[in-house]
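# Need coordinates for the following:
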Amino acid sequence: MSQTDLAIPVGVVRYVVVTDINHYCLKFAEKMGATLTLDARKEKIEDAQKKLGMKKGFDVAMEMSGSSDALPAMLPNMYRGAKIALLRILPPIPPLPDILSSLTN
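Below is the predicted model of the structure:
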């Protein structure tokens, strides 16, 4: 996460959930107004949905870590028609059909 201001218009975004493995980045996200922060080594995205009482998935996700685990973990937690921005070059990940089949099982 870069140290720039999070420009989130009030009333437009219901929840901002930040996952990271870096404690400093999580604290910074809290300071900038994130609704919830999760240490990705200890918690899952599903945990955020439960904590926030979300019935549907997320509308927008941004993957900035470059972790090969991030995209497969993200997909099952997205709302149908959601947007995902990949902001780094990912290392090799499982083939997309393998990821998609895990969503239907």
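
# and Leu71, which of the three is it?
helix (DSSP: H, G, I helix; E, B strand; the rest coil).

# Run a quick neighbour tally on it.
17 (other Cβ atoms under 10 Å). Yep, even glycine has a C-beta here, placed from its N, CA and C like the rest.

# Correct me if wrong: it contacts Ala85.
No: contact criterion Cβ atoms under 8 Å: Leu71 and Ala85 do not qualify, at 11.3 Å.

# where do the contact lists of the two overlap?
Taking Cβ atoms under 8 Å, 6 or more residues apart in numbering as the contact rule, Leu71 and Ala85 both touch Glu63.

# so what does the longest strand seen in the chain touch, helix or strand wise?
When the chain is parsed with DSSP state E, its longest strand is strand 78-86. The contact analysis (3 or more Cβ pairs under 8 Å, 6 or more residues apart in numbering; DSSP states H and E) places strand 78-86 against strand 58-63, helix 70-74.

# As CSV, the ones you listed with mean pLDDT would be great.
Compiled in CSV, the helices and strands packed on strand 78-86 are given as follows (pLDDT from 0 to 100):
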stretch, mean pLDDT
strand 58-63, 86
helix 70-74, 82
